[in-house]
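Visitor: What follows is a predicted protein model with its sequence.
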Amino acid sequence: MASSRKPSDSYQKIWSTVEKIPKGKVATYGQVARMSRLPRQARLVGYALHNLPHGIDVPWQRVINSQGRISFPENSLAYIKQKELLETEGIVFVKGKVDLKKIGWKK
DNA sequence: AACATGACAGGTC
DNA sequence: CGACCTGCCATGT
């Protein structure tokens, strides 16, 4: 595995951006990518979060896809966990998705 | 170096 | 709405 080397700077930027997402709001992968100065690299955002190291405090749950949906199968534990965390922050789900027009972070 | 993969987005049909 | 396709690019084998 190539884990012998440090994480890419891109990941650092992404994590940094995610940390800035206000509580009670959510951002899409594309948004985070853009805010991290990495336009069109939404996939890297997902990759970065998946590779998220333990021990650092990052509100990964506030990052969802452009449809306002959690990018996990509904039957998965990860999905339920993320939904719980978001609801705790006051985010309301309607039919399995959130209203990006209302709780979306910025434009 | 080549190929396959992925917590996506945006467009088309 | 859903299914499919293309673009993007870091990672791992």
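Guide: Received, thanks. Residues are numbered from 1 along each chain as shown, chains lettered A, B, ... in the order given.
Visitor: Which residues are in contact with the closest residue in space to residue A:71 that isn't next to it in sequence?
Guide: For residue A:71, ignoring the flanking residues on the chain, the nearest one in space by C-beta to C-beta, 6 or more residues apart in numbering is residue A:65 at 4.9 Å. Placement of C-beta: from N, CA and C, glycine included. By C-beta atoms under 8 Å, 6 or more residues apart in numbering, the residues touching residue A:65 are A:28, A:29, A:71.
Visitor: Give me the subset of the residues you listed that lies in helices.
Guide: residue A:29 (DSSP state H).
Visitor: With respect to residue A:14, which of the contacts of residue A:65 is nearest?
Guide: residue A:29 (9.5 Å; C-beta to C-beta).
Visitor: And the residue most central in space within chain A, its phi and psi?
Guide: Centroid-nearest residue in chain A: residue A:63, 2.1 Å away (criterion: C-alpha atoms, centre = their mean). Main-chain dihedrals, residue A:63, degrees, to the nearest 10: phi -100, psi 120.
Visitor: now do the one 5 residues further on
Guide: Geometry field for residue A:68 lists phi and psi as phi 80, psi 20, criterion degrees, to the nearest 10.
Visitor: How about it: what's its closest non-neighbour residue?
Guide: Sequence neighbours aside, residue A:97 is the residue nearest to residue A:68 in space, at 4.2 Å (criterion: C-beta to C-beta, 6+ apart).
Visitor: ditto for residue A:25
Guide: Distance criterion C-beta to C-beta, 6+ apart; nearest residue to residue A:25, sequence neighbours excluded, is residue A:105 at 4.1 Å.
Visitor: before we move on, what about residue A:37?
Guide: Nearest non-adjacent residue to residue A:37, counting by C-beta to C-beta, 6+ apart: residue A:13, 6.8 Å away.
Visitor: out of the contacts of residue A:65, who's near DNA strand B?
Guide: A:28, A:29, A:71 (C-beta under 7 Å from any atom of the strand).
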